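> Got a predicted structure here, sequence first:
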Amino acid sequence: MNSEAPNPLVLFMPSGKRGRFPIGTPILDAARSLGVYVESVCGGRATCGRCQIEIQEGNFAKHKIVSSLDHISAKGPKEERYERVRGLPEGRRLSCSATVQGDLVVDVPQDTVINAQIIRKAATDRVIERNPAIQMCYVEVDEPDMHKPLGDLDRLKAVLAKDWGWKDLRVAQHLIPEVQKILRKENWAVTAAIHKDMELSRATVIALYPGLKNEAYGIACDIGSTTIAMHLVSLLSGRVVASSGAPNPQIRFGEDVMSRVSYVMMNPDGREAMTKAVHEAVNGLIGKVCGEGGVDRNDIFDSVFVCNPIMHHLFLGIDPTELGQAPFALAVSGAVQGWAHDIGIEVNRGARFYVLPCIAGHVGADAAGATLSEGPYRQDKMMLLVDVGTNAEIVLGKRGHVVAASSPTGPAFEGAEISSGQRAAPGAIERVRIDPVTYEPKYRVIGVDKWSDEEGFEEAAKTTGVTGICGSAIIEVVAEMYLSGLISEDGVIDGALAAATPRIFQNGRTFSYLLRESRDGGPRISVTQNDIRAIQLAKAALYAGTKLLMEKQGITEVDTIRFAGAFGSFIDPKYAMVLGLIPDCDLDEVKAVGNAAGTGALMALLNRDHRREIEREVASIDKIETALEPDFQQLFINAMALPNKVDSFPKLRTVVKMPESKLADAGLAGVDNAPRRRSREERAARRRGG
Ligand code: FES
């Protein structure tokens with residue numbers, strides 16, 4: 001290359017950041033200068049192996065780069081030694097040793113950029129770059145010198161400033177008595193764990209190890225009212241080492257969050273008992289994920305939590321009484337951080353915790369986590385994000401304006417308040433279909449592969465039993481009853497059909513539908529009029545809340561719908577729409593996103609920029625209090641009908657043959673009534689023996 005030629009061009013993938021660098025520049029330095037996060041613990045001594053990269057070879061015409069292995073320096077003695085001792089996967093190089101010799105496309109391997117658990121984000125071309133709050137920094141401290149009477153700790157700080165650029169470092173108080181011992185153990189070589197996301201931006205040494213400490217872990221935890229879910233993650237690679245869940249032991253104080261608030265109000269030690277219970281459960285779960293991952297809990301340096309507002313308060317030791325009544329005042333709505341040790345979390349003594357901000361008194365840090373994960377504010381399409389639990393949390397928006405509310409759906413969707421309802425567990429009916437001609441049902445049960453009308457079902461179901469109906473099946477059975485004409489659009493079971501099928505039977509003054517006769521000692525499973533009312537009330541609350549947010553946004557339809565939470569993972573969007581649980585939308589645009597709150601926690605753990613992002617977004621979200629909105633009542637009444645008294649669901653009607661309705665009679669919906677007419681004729685023929 002002649003002296004006139006520009007410096008080589010280096011492009012980093014997947015970030016796409018690029019720049020020109022003089023020949024001989026270490027690739028790690030090039031990455032850093034562009035703000036590309038490449039891990040390094042040993043500070044370029046070629047001993048930690050954390051800075052690995054790969055060179056992509058070829059002609060990248062779009063970028064005007066011809067990248068070749070000839071454009072990177074050959075392995076030097078340090079890199080060769082590392083390869084000999086620790087091994088390097090084929091194609092990998094240590095970016096602290098390899099230097100730029102020509103144009104390059106450098107791949108920062110996926111396991112250091114994208115987390116396996118959030119890989120589905122790749123489908124939306126969103127790359128989660130890692131930039132954790134913890135950095136491990138290896139240094140070799142000057143030995144003490146009588147002529148320069150600088151303390152051991154001060155010389156440690158000096159070398160951290162010199163080698164790593166840390167200015168004005170703090171050192172956690174609990175480390176100070178230990179420093180001298182630790183420095184001498186490995187001949188003045190130590191690794192400092194530095195937390196760089198504390199208040200006032202003051203980086204702090206939170207742990208100190210003799211020699212090279214080449215691993216650091218964090219936990220991301222979603223504390224739900226019924227279940228606590230946790231990921232154990234390597235902060236240095238982004239790899240999820242183990243994931244697990246456990247029941248929230250607070251259930252013994254109250255099934256839902258409001259009953260737990262009542263427990264606090266009525267028992268002098270209630271708050272303390274519940275805080276202790278959730279801390280014990282979190283600590284137990286840490287033990288479990290560490291056991292599964294073969295990790296010492298003392299190697300956990302950071303933790304991120306998401307939870308609903310009442311769990312948030314109880315976890316942080318705050319009395320939640322104010323959240324039990326209007327105006328539902330949170331003690332703190334912003335993000336909370338501190339020492340994990342101070343709130344009883346048993347990890348490294350210097351570990352920190354961070355709790356995402358709450359959106360409002362009924363829309364918690366879990367909704368913030370889901371919002372961070374799904375990012376309506378990053379979209380150009382209007383996205384509806386719902387997390388259905390005893391309280392549905394609803395977020396609606398797109399780039400520029402997001403609104404949020406909660407709606408009291410009650411526990412019906414979780415199987416409570418339903419005569420044959422139960423939690424999703426082996427033995428629970430999870431899928432239901434009803435023949436519109438014979439009204440005979442078929443169903444599937446959790447833990448059994450076959451449908452109930454398939455041969456061998458009863459035999460297969462012997463191990464689990466058939467014990468009740470779980471939330472997803474309640475949605476389906478009511479929707480199927482509506483589609484097959486067993487219930488009217490106002491949710492009334494048609495008692496006249498008792499003459500046509502023994503499945504409809506009288507139950508006091510109303511009628512019920514028999515799903516399964518009792519057998520082998522199992523329960524008789526039916527759907528009562530009261531069950532349908534409970535589902536109508538729950539779905540009307542969710543829909544009315546959603547409509548209110550749509551009004552606030554000035555829209556009549558949403559572009560995409562994301563169902564967060566366990567419930568959302570199991571319900572069939574089609575049935576949710578038939579029931580009028582969610583607004584009309586192209587069914588392909590309705591997706592379950594699993595534990596999005598937990599994914600949000602993971603993102604905030606792996607990249608502290610996501611903490612700033614969600615803090616900023618939560619501050620700008622418009623919070624709507626449904627109870628105070630004058631329209632809510634009318635929207636709720638409209639939403640009691642199936643699917644809705646005024647909304648015609650035109651998109652749904654293109655894929656589902658809906659029963660004829662008053663709406664159809666009024667010409668509001670393009671319903672194809674022929675199938676239903678045929679069904680009636682067929683039924684009549686059957687009854688006549690035809
Ligand atoms: Fe440690 Fe390169 S920075 S091996």
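All right, it came through fine. Residues are numbered from 1 along each chain as shown.
> who's in contact with the residue lying closest to Met640 once chain neighbours are set aside?
Leaving aside its sequence neighbours, Met640 sits nearest to Ala540 (C-beta to C-beta, 6 or more residues apart in numbering; 4.7 Å). Where you see a C-beta, it was placed from the backbone N, CA and C, and this is true even at glycine. Ala540 makes contacts with 580, 636-637, 639-640, as judged by C-beta atoms under 8 Å, 6 or more residues apart in numbering.
> mind checking how far Ala540 is from Ala639?
4 Å (C-beta to C-beta, to the nearest Å).
> one step back: which strand or helix spans the residue nearest to Met640?
Assigned by DSSP states H and E, Ala540 falls within helix 529-553.
> Please verify my assumption that His313 contacts Thr321.
No - applying C-beta atoms under 8 Å as the test, His313 and Thr321 come out as separate, 9.1 Å apart.
> Those two: which has the busier surroundings?
His313 (27 against 15; other C-beta atoms under 10 Å).
> In contact with Val295, which residues?
Here Val295 is in contact with 217, 232, 241-242, 289 (C-beta under 8 Å, 6+ apart).
> before we move on, which element is it in?
For Val295, there is no helix or strand it lies in under DSSP H and E.
> Can you tell me which residues in this protein are near the ligand?
40-42, 44, 46-51, 94, 96 (C-beta under 6 Å from any ligand atom).
> pLDDT score for Ile418?
With respect to pLDDT, Ile418 has a value of 89.
> so how far is Val593 from the residue lying closest to it once chain neighbours are set aside?
In space, and not counting its chain neighbours, Ile418 is closest to Asp531: 4.8 Å by C-beta to C-beta, 6+ apart. The gap separating Asp531 from Val593 is 28 Å, by C-beta to C-beta.
> what about the two, which has more around it?
Taking other C-beta under 10 Å, Asp531 and Val593 do not tie; Asp531 has more neighbours (23 against 19).
> circling back: contacting residues for the residue nearest to Ile418?
Counting by C-beta under 8 Å, 6+ apart, Asp531 touches 418-421, 474, 478.
> before we move on, what about Ala498?
Listed by C-beta under 8 Å, 6+ apart, the contact partners of Ala498 are 504-506, 511.
> since we're on the closest residue to Gly324 other than its chain neighbours, how many residues are nearby?
Closest residue to Gly324 apart from its sequence neighbours, by C-beta to C-beta, 6+ apart: Val261 at 3.8 Å. Look at Val261: counted by other C-beta under 10 Å, it has 24 neighbours.
> Most distant residue from the centre of the protein?
Most distant from the centre of the chain: His147, at 56.8 Å, with distances by C-alpha atoms, centre = their mean.
> For that one, grab phi and psi.
Dihedral pair for His147: phi -80, psi -20, per degrees, to the nearest 10.
> Name the SS class of Glu80, please.
helix (DSSP: H, G, I helix; E, B strand; the rest coil).
> what about it, neighbour count?
For Glu80, the neighbour count with other C-beta under 10 Å is 14.
> how much space between it and Arg86?
From Glu80 to Arg86 the distance is 11 Å (C-beta to C-beta).
> Over to Gly102?
Taken as C-beta to C-beta, the span from Gly102 to Arg86 is 28 Å.
> Then Glu374?
39 Å.
> Give me the more crowded residue out of these two.
Legend: neighbour count by other C-beta under 10 Å for Glu374 and Arg86, higher for Glu374 (23 against 12).
> Surely that one touches Leu384?
No - the pair Glu374 / Leu384 is not scored as a contact, 10.1 Å apart, by C-beta under 8 Å.
> which phi and psi does Glu140 have?
Main-chain dihedrals, Glu140, degrees, to the nearest 10: phi -120, psi 110.
> How much space separates Asp647 from the ligand?
Using C-beta to the nearest ligand atom, to the nearest Å, Asp647 is found at 59 Å from the ligand.
> Please give me every residue in contact with that residue.
580, 583-584, 638.
> per-residue confidence for it?
For Asp647, the pLDDT comes out at 94.
> what kind of secondary structure is it in?
Secondary structure, three-state DSSP: Asp647 is coil.
> mind listing which of the contacts of Val295 are in strands?
Cross-referencing the contacts of Val295 against strands under DSSP state E gives 217, 232, 241-242.
> Tell me which two in those are the farthest apart.
Farthest-apart pair in those is Tyr217 and Ala242; separation 9.9 Å (C-beta to C-beta).
> Neighbour count for those two, which is higher?
The residue with more neighbours, out of Tyr217 and Ala242, is Tyr217; 29 against 18, by other C-beta under 10 Å.
> still on that earlier bit, now the contacts of Val295 in CSV, with pLDDT and distance to Asn59?
Formatted as CSV, the contacts of Val295 follow (pLDDT from 0 to 100; distance: C-beta to C-beta, whole Å):
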residue, pLDDT, distance to Asn59
Tyr217, 97, 41
Leu232, 94, 42
Val241, 91, 39
Ala242, 92, 42
Val289, 97, 45
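> quick one: which of those is nearest to Asp70?
For the contacts of Val295, the nearest to Asp70 is Val241 (37.7 Å; C-beta to C-beta).
> show me the contacts for the closest residue in space to that closest one that isn't next to it in sequence.
Of all residues not flanking Val241 in the chain, Gly293 sits nearest, at 3.6 Å (C-beta to C-beta, 6+ apart). By C-beta under 8 Å, 6+ apart, the contact list for Gly293 reads 232, 241-242.
> before we move on, back to that, which of the contacts of Ala498 fall in strands?
Per DSSP E, strands hold the following members of the contacts of Ala498: 504-506, 511.
> one step back: buried subset of the contacts of Asp647 as a PyMOL selection?
The PyMOL selection below is limited to those of the contacts of Asp647 classed as buried (16 or more other C-beta atoms under 10 Å):
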select buried, resi 580+583+584+638
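> re earlier: please list only the buried members of the ones in strands among the contacts of Ala498.
For those, buried by 16+ other C-beta under 10 Å: 504, 511.
> Farthest-apart pair in the ones in strands among the contacts of Ala498, please.
Ile504 and Gln506 (8.3 Å).
> Kindly point out which residues are neighbours of both of those two.
Common contacts of Ile504 and Gln506 (C-beta under 8 Å, 6+ apart): 495, 498, 512.
> Pull up the gap between Lys398 and Asp559, please.
Here Lys398 is placed at a distance of 8 Å from Asp559 (C-beta to C-beta).
> Tabulate the contacts of Ala498 in JSON lines, adding columns for pLDDT.
Below are the contacts of Ala498 laid out as JSON lines (pLDDT from 0 to 100):
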{"residue": "Ile504", "pLDDT": "96"}
{"residue": "Phe505", "pLDDT": "95"}
{"residue": "Gln506", "pLDDT": "94"}
{"residue": "Phe511", "pLDDT": "96"}
